[in-house]
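Asks: let me see the structure of the following:
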Amino acid sequence: MNRIPLFEKLRAAMRRGREGSSLVSVVIGVAFLAAIGFTILMVASRYLVTVHVDRNSSSNFYQTEGILAEVRTGLLEYAGDASEAAYNDILENYTKATAGMKETFSKEYLSGVVEKLTGHAYTWDDSKVYKVEDGGTPPVQPCEIEKLKELTKVPDAVTTLPGTNLGFILCHSDKDGYFLTIKNLLIDYTDEIDYRSSIQTDITLRVPDYKFEGDSTLDELKDYIVISDDMLHVTNSNSAGVAFAGNVYTGNEDSGILIDTQNTADFKSRRIISRGSMDIKTGAKVDVSGEADASGAATPGDMWLNGIRLLAQSAGSGSTLSTKLTVNENAYIANDLDIADDNSVVSLSGKYYGYSYNKENTLSPLGADTTTADYSSAILVNGLNTTLKTDGLDKLILAGRTFVSRYDSAPSDIMMGESLAVKSNQIAYLLPDEFIAAGHNPVVQGESESIYEENLKNDPDIGKYLDSDKPYMANYNSGGYVYFYLRFKDQKSANEYFRQYYEGTGADEDGNEVANKNQLDDRAKTYISTADGTNGMKLSANLYLIAGNIIHNYYAAGGSDIEGANYYDNMGKPQSQMLEDGKKIGQEYVGRQLTLLASGSTGSMRLPVDAQKLVADGIIDFSQVSGVLNKEDAGTGGRIYVTTGDYTVDGTIQKGIIIAKGDVEVQSDFTGLIIAGGKVTTARSGLNLKSDMVLVGNLIEFARGDEELSKVFRGINGMQTQDPTALTQCISYQNWKKNEY
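Replies: Next comes the predicted model:
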């Protein structure tokens, strides 16, 4: 029998124990691995769910942002349309910019945006503008949420904060100027799988910083020798005179350019602009002959004036001195050429446009605007022994009528039937003696001033021309006399009455019957002189238009008209084209008064009563100067001298740009540009003042690079160029919040 040794038994037992332990280990290992796998599976599942949720949430939020971006893009289109309309209006129409082009543009631009937001026209109201510096509660104005819904493909997502309505605030701050803020906007979007996001925000639209008059007006300065907010006064020049070679601008609305008694002025100017009249006093001699070319020959330029007045040194002076005016320019005259001085010689060449028919050149009935002499262009000969030479004219347009000056303060002027008339013609418009109770005209104050009005209205020869409500006017003079004049129902009637009167007969001072024509001719000869010694004043035969009866008609066969059928119809009314042409000229004149530049063809043809000064408000910022700036440009040798006081040109500075807030007195020759907030006076004879385009242009560029001078010129200071398409820089979000339901 075989026996197993003891140690073999022990070895077997140990082997059986290891087998059981391995099983347990395997079981434990499998359980551990299962736990790990389950954990990993749970984490992975939760991760996948989170990723899925986040992805859908993000996608939803991105879509919400996209809806807001669509609204923003649509607002940019609104802003672009409003900006273009306002920008073009300002460029074409300087006349509305009475408070500055930038401010006017801001208001027009933001009003245009508001119209887009509200769906109806908007009138700017300064009282509804929130002043940031003042604080307080901003006034919120309502706008249509539908106008924003139209800007996106998901209109239902565009709403407002709970309990609010969509509104806007017009704001102004000293730093940022005008801007608009849209309030209470909420983009709340839920997608098709019920994921929801929201964005609440205000949207601010600022005004684009476009450039307007700055550089354009600044560029115009190069051709000027004098720019003054007051007058240009030529005095003490005597026979040697003052020669101006360059453009001239003056801002005095009464007497813009004054040539004093027995002084001489020679203007070789491409352009003369004045808000007032050119006044020439007894014995003065003025030649306006245009810009001289390289050969010295003059090329006619343009002259924009309110009027031209040849004035007696003093009333009743009886001077025998001759006053002379020679114009070889295209003259655009808003009011009259008034030859009031005795012994005047006026020579007109080029084109003469007296373009004013009434205040706004309309065919309005006789009334407030049609009976004022200030808005009716004519030529008046009120001085004795006048010579008016017109054979050099290419065109003469006199759209208005002459008026009898009133002695009293009554508002309505006394209209005559002529566009060019001498003072003696006024007798034609006096009320005939038979209609006056006193039996004569004028009537001494204190006598009966009764008028047989019904007889006057019913008179078959006169009544049909008169205003049935008020057929006559009384004119009281300081000598104690009352002159009674006929009052016509319209300009055509005044014209036709004068024709009838001219062809009829009346009584002379002795009661004898005499042809009215002979009386008028005899009286006119006292006022009218001729250079060639023939009978009557001669006008060029090639005139395009003379509106109404004029002196030349006295000597034409049958008193025939010199009128162009293309200007007046067979009823004596001006054609619309003539009125429209005159209106455009008036609008251009206003633009040049405000900026030196043409305004285009819109807006009023009359300068606003609150119009800004060109120098003090448009070109120079005197607040940037303390005392004096005096700087030389080494490249040109010219100087820019700026003072807040007065300045005398005495030869210390012979070329450059002189800028004075006060007056400038010129006692020495000067080349360059003189700019004055006050008046410019030439106080010596034999002076030569001339512009220099290259010099002034280089000095302006010199000023651009100078820290102090660049602040003085408004066209340089604060007029940085803005790309008109870069509106994206002008729109921003404020108070932006995400998912705050």
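Asks: tell me the average confidence for stretch 241-253?
Replies: Average pLDDT, stretch 241-253: 96.
Asks: dump it to CSV, keeping only the CA atoms.
Replies: Only the C-alpha atoms of stretch 241-253 are listed here, as CSV (Å, rounded to 0.1, in the frame of the first residue of the first chain):
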residue,chain,number,x,y,z
GLY,A,241,-7.9,155.8,-55.1
VAL,A,242,-7.8,152.3,-53.7
ALA,A,243,-7.3,149.2,-56.0
PHE,A,244,-8.8,145.9,-54.9
ALA,A,245,-7.5,142.9,-56.8
GLY,A,246,-9.4,139.9,-55.3
ASN,A,247,-12.8,139.0,-54.1
VAL,A,248,-14.7,141.0,-51.4
TYR,A,249,-17.3,140.0,-48.8
THR,A,250,-19.1,142.2,-46.3
GLY,A,251,-21.8,141.4,-43.8
ASN,A,252,-23.4,144.8,-43.0
GLU,A,253,-27.1,144.4,-44.0
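Asks: quick one, phi/psi of Gln519?
Replies: According to degrees, to the nearest 10, the main-chain angles of Gln519 amount to phi -60, psi -50.
Asks: swap in Leu325?
Replies: phi -130, psi 120.
Asks: how about the contacts made by it?
Replies: Counting by Cβ atoms under 8 Å, 6 or more residues apart in numbering, Leu325 touches Ile280, Val286, Val288, Ile308, Leu310, Ser344, Val345, Val346, Ser347. Yep, even glycine has a C-beta here, placed from its N, CA and C like the rest.
Asks: got a list of what the last one touches?
Replies: For Ser347, the residues meeting the contact criterion (Cβ under 8 Å, 6+ apart) are Lys324, Leu325, Thr326, Val327, Lys389, Gly392.
Asks: go on, His233?
Replies: Leu258, Asp260, Lys679, Val680, Thr681, Thr682.
Asks: got those residues as TSV, with secondary structure, distance to Ala245 and pLDDT columns?
Replies: Shown next, in TSV, are the contacts of His233 (DSSP: H, G, I helix; E, B strand; the rest coil; distance: Cβ to Cβ, whole Å; pLDDT from 0 to 100):
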residue	secondary structure	distance to Ala245	pLDDT
Leu258	strand	20	97
Asp260	coil	21	94
Lys679	coil	20	97
Val680	strand	15	98
Thr681	strand	18	97
Thr682	strand	13	96
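Asks: circling back: among the contacts of Ser347, name the buried ones.
Replies: Lys324, Leu325, Thr326, Val327, Lys389 (16 or more other Cβ atoms under 10 Å).
Asks: still on that earlier bit, closest one of the contacts of Leu325 to Ser198?
Replies: Among the contacts of Leu325, Ile308 lies closest to Ser198 (Cβ to Cβ), at 71.8 Å.
Asks: which ones are touching that closest one?
Replies: Counting by Cβ under 8 Å, 6+ apart, Ile308 has contacts Ser277, Met278, Ile280, Leu325, Ala331, Ile333, Asp336, Leu337, Asp338.
Asks: could you export those residues as TSV, including secondary structure and distance to Leu180?
Replies: Shown next, in TSV, are the contacts of Ile308 (DSSP: H, G, I helix; E, B strand; the rest coil; distance: Cβ to Cβ, whole Å):
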residue	secondary structure	distance to Leu180
Ser277	strand	45
Met278	strand	47
Ile280	strand	53
Leu325	strand	55
Ala331	strand	47
Ile333	strand	44
Asp336	strand	48
Leu337	strand	50
Asp338	strand	51
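Asks: between those residues, which is closest to Ile225?
Replies: Met278 (16.1 Å).
Asks: what about the strands in the stretch 401-550 of the chain?
Replies: With DSSP state E, counting those that start in this stretch, the ranges of strands along the stretch 401-550 of the chain come out as 403-404, 414-415, 420-422, 443-444, 472-476, 481-486, 505-507, 513-515, 528-529.
Asks: mean confidence for the fourth one?
Replies: If I follow you right, that is strand 443-444. For strand 443-444, mean pLDDT rounds to 92.
Asks: what's next to it, contact-wise?
Replies: Counting by Cβ under 8 Å, 6+ apart, Ile436, Ala438, Glu449, Gly480, Tyr481, Val482, Phe484 sit against strand 443-444.
Asks: before we move on, the earlier item: just flag the most distant two among the contacts of Ser347.
Replies: Maximum pairwise distance among the contacts of Ser347 (Cβ to Cβ): 14.7 Å, between Lys324 and Gly392.
Asks: for burial, what's the neighbour tally of Ile227?
Replies: Number of residues near Ile227 (other Cβ atoms under 10 Å) recorded here: 25.
Asks: what's the helix or strand it falls within packed up against?
Replies: Counting by DSSP states H and E, the element that carries Ile227 is strand 224-228. Packing contacts for strand 224-228, counted by 3 or more Cβ pairs under 8 Å, 6 or more residues apart in numbering; DSSP states H and E, involve strand 242-245, strand 247-250, strand 670-676, strand 687-690.
Asks: list the pairing partners of that strand within its sheet, with orientation.
Replies: strand 247-250 (parallel), strand 670-676 (parallel) (DSSP bridges).
Asks: what's the most buried one of these?
Replies: Highest mean neighbour count among those (mean count of other Cβ atoms under 10 Å): strand 247-250, with a mean of 26.
Asks: which of the helices and strands packed on strand 224-228 sits closest to Gly506?
Replies: strand 247-250 (46.0 Å).
Asks: quick one: distance of that closest one to the chain centre.
Replies: From the chain centre to the centre of strand 247-250 is a distance of 17 Å (Cα atoms, centre = their mean, to the nearest Å).
Asks: ok, back up a step: and which of the contacts of Ile308 is nearest to Tyr352?
Replies: Ala331 (4.9 Å).
Asks: ok, back up a step: flag every buried residue along the strand holding Ile227.
Replies: Of the residues in strand 224-228, Tyr224, Ile225, Val226, Ile227, Ser228 count as buried by neighbour count, 16+ other Cβ under 10 Å.
Asks: and the residues you listed, which is closest to Ala243?
Replies: Ile225 (10.1 Å).
Asks: can you report how many residues lie near the closest residue to the closest one other than its chain neighbours?
Replies: Spatial nearest neighbour of Ile225, chain neighbours left out: Gly246 (3.3 Å); criterion: Cβ to Cβ, 6 or more residues apart in numbering. For Gly246, the tally of surrounding residues (other Cβ under 10 Å) stands at 25.
Asks: these two touch, right, Gly246 and Val696?
Replies: No: Gly246 is beyond contact range of Val696, at 9.5 Å (criterion: Cβ atoms under 8 Å).
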